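Chemist: everything below, folded, please.
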Amino acid sequence: MNVQLRRIEADAVIAVGSNLGDRTATFMAAVRALAEADDIEVTAISTPIETVAVRPTGEDADAPAYLNAVVLVRTTLAPRALLSRLHDIERAHGRVRGERWGDRTLDLDIIDYAGMQSSADDLTLPHPRAHERVFVLRPWAEVAPDAVLPGHGRIADLLAELESR
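Modeler: Numbering: from 1, shown residues only. I've put the predicted structure just below:
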């Protein structure tokens, strides 16, 4: 019997952020780490944008500014395995998980994974606050202008609504 196994591939959107250290070098190294992984293919990289830090209480202009971008990938990793890989890359670049929404050398978040909708303590898909964040939507719209954020609608429409406020 000849059984052929097929690797399932999924498209995912990863947000990249950094506001400590050499943000550009960290961004480039993180993208390189993604591209060099055997089970991840980088298909698009947005232009990085600089944005004000966001805290649970709102924007914090006194904190170091963030460099934010979005990377589109195709992967054979399941969502939690991809998240684990992202955490490994963060740690390799000095990420320390302390204060929630605190300053960081590198932040990698799965924004969307193949349109999946799920909620668990360790991973919610799509990212629960992506529809509220210009620093995610603007770069994503650059590399995938017709993209849809499951449960929220077209990212171009979400971005236009946020920018009109």
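Chemist: what sits against residue 137?
Modeler: 130, 131, 155, 158, 159, 162 (CB atoms under 8 Å, 6 or more residues apart in numbering). For every residue, glycine as well, the C-beta is placed using N, CA and C.
Chemist: need those in a markdown table with pLDDT, secondary structure and neighbour count, can you?
Modeler: Compiled in a markdown table, the contacts of residue 137 are given as follows (pLDDT from 0 to 100; DSSP: H, G, I helix; E, B strand; the rest coil; neighbours: other CB atoms under 10 Å):
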| residue | pLDDT | secondary structure | neighbour count |
| --- | --- | --- | --- |
| 130 | 95 | helix | 24 |
| 131 | 96 | helix | 19 |
| 155 | 96 | helix | 25 |
| 158 | 97 | helix | 23 |
| 159 | 96 | helix | 19 |
| 162 | 93 | helix | 14 |
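Chemist: for stretch 117-134, what is the distance to the chain centroid?
Modeler: Centroid displacement of stretch 117-134 relative to its chain, using CA atoms, centre = their mean, to the nearest Å, is 11 Å.
Chemist: again, but for stretch 68-88
Modeler: For stretch 68-88, the distance to the chain centre is 8 Å (CA atoms, centre = their mean).
Chemist: how about the helix or strand harbouring residue 135 as CSV, C-alpha atoms only?
Modeler: For residue 135, the host element (DSSP states H and E) is helix 134-143. This file holds the C-alpha atoms of helix 134-143, laid out as CSV (Å, rounded to 0.1, in the frame of the first residue of the first chain):
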residue,chain,number,x,y,z
VAL,A,134,-3.8,51.1,13.5
PHE,A,135,-0.2,49.8,13.9
VAL,A,136,-1.4,46.3,12.9
LEU,A,137,-4.0,47.3,10.3
ARG,A,138,-2.0,49.8,8.3
PRO,A,139,1.0,47.5,7.6
TRP,A,140,-1.3,44.6,6.9
ALA,A,141,-3.3,46.7,4.4
GLU,A,142,-0.1,47.5,2.7
VAL,A,143,0.8,43.9,2.0
